[in-house]
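Student: structure, please.
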Amino acid sequence: MGDQTIYQRIEALIKDRGMTKKAFCEKLKISSGNLGDWRRGKTTPGTAHLIQISDFFNVSLDWLMKGIKPGEGVLQEQKAAYFFGVMGPLDCQVEDLNADEQNFILEYVEFAKYRKQKNENNKAKPE
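Tutor: Numbering: from 1, shown residues only. Predicted coordinates:
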């Protein structure tokens, strides 16, 4: 499963949901040109799109980006300790991380804030 591309995972999610690619693009306000570029491997979805897609299909960013299921490869406890260890004294431990790892953590923090905000908004105005 891990050798799939991000696009292939998105395509599988669209198919599982029984949507057309056109409906997916309209619902998430993604241009068909963008989707075509992702399919051809010309570009990959940016952070905002990844967050939006993972939220829409209720899948993790880890799975969407890398095909990793929650808890796969690393124990959850270790992951949490590592994450909080890094976020605490960020200035002195940040050198231990490469740029991709640093960006992933920062993007995940943004994702967590986005989800929290969205949940609070949904509680505030019941549909």
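
Student: contacting residues for the spatially closest residue to L61 that is not a sequence neighbour?
Tutor: In space, and not counting its chain neighbours, L61 is closest to S54: 5.1 Å by CB to CB, 6 or more residues apart in numbering. In this view, the C-beta of every residue, glycine as well, is placed from N, C-alpha and C. Contact analysis of S54 by CB atoms under 8 Å, 6 or more residues apart in numbering lists 60-61, 63-64, 111.

Student: show me which residues of the helix or strand hosting S54 are buried.
Tutor: Per DSSP states H and E: S54 is located in helix 47-57. For helix 47-57, burial by neighbour count (16 or more other CB atoms under 10 Å) applies to 47, 49-54, 57.

Student: let me see the ranges of the helices in the protein.
Tutor: Counting by DSSP state H, the chain has helices at residues 6-17, 21-28, 32-40, 47-57, 61-66, 76-87, 90-93, 99-124.

Student: in CSV, list these along with mean pLDDT.
Tutor: Below are the helices of the chain laid out as CSV (pLDDT from 0 to 100):
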stretch, mean pLDDT
helix 6-17, 94
helix 21-28, 95
helix 32-40, 94
helix 47-57, 92
helix 61-66, 88
helix 76-87, 49
helix 90-93, 48
helix 99-124, 73
